[in-house]
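Novice: Provided below for reference: sequence and predicted model.
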Amino acid sequence: MLSRYYGRVQLDPQRVNKDMALIVEEVVERLTAQLGCEVEVTVEINARRPEGFDESTVRTISENSRTLKFEHYGFEED
């Protein structure tokens, strides 16, 4: 009997709200409705900007990441 589900999808950042809502509705909610089902959802964000990020952006994104309880986050050089 199949007892594990896994899925990974790349989202268009221009429509992430709409796509994420559909994923929650069509996949996550159906899984959490199953009695005894343990569901884990992880969000991973990767962004690159060849000219680098300015200090204000780094500060704001870092503060928001901390406030939103991201487990791991940071900026680095390529």
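Specialist: Great, that's in hand. Numbering: from 1, shown residues only.
Novice: what lies in contact with stretch 24-36?
Specialist: Identification of contacts with stretch 24-36 by C-beta atoms under 8 Å, 6 or more residues apart in numbering yields Tyr5, Gly7, Cys37, Val39, Val41. Just so you know, the C-beta spots here come from the backbone N, C-alpha and C atoms, and that holds for glycine as well.
Novice: for it, output the C-alpha coordinates as CSV.
Specialist: The C-alpha coordinates for stretch 24-36 follow below in CSV (Å, rounded to 0.1, in the frame of the first residue of the first chain):
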residue,chain,number,x,y,z
VAL,A,24,-2.8,24.3,-0.4
GLU,A,25,-6.3,23.7,-1.6
GLU,A,26,-5.7,20.8,-4.0
VAL,A,27,-2.9,19.0,-2.3
VAL,A,28,-2.1,20.1,1.3
GLU,A,29,-5.8,20.2,2.5
ARG,A,30,-6.5,16.9,0.9
LEU,A,31,-3.6,15.3,2.7
THR,A,32,-4.3,16.9,6.1
ALA,A,33,-7.9,15.7,5.9
GLN,A,34,-6.6,12.1,6.0
LEU,A,35,-6.9,10.7,9.5
GLY,A,36,-3.4,10.1,10.9
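Novice: which of the contacts of stretch 24-36 has the largest number of neighbours?
Specialist: Val39 (13 neighbours; other C-beta atoms under 10 Å).
Novice: ok, it - contacts?
Specialist: Taking C-beta under 8 Å, 6+ apart as the test, what Val39 contacts is Val28, Leu31, Thr32.
Novice: now it: which helix or strand?
Specialist: When elements are assigned from DSSP states H and E, Val39 belongs to no helix and no strand.
Novice: buried set for stretch 50-64?
Specialist: Ile61 (16 or more other C-beta atoms under 10 Å).
Novice: going along the chain, name the strands of the chain.
Specialist: For the chain, no strands are identified by DSSP state E.
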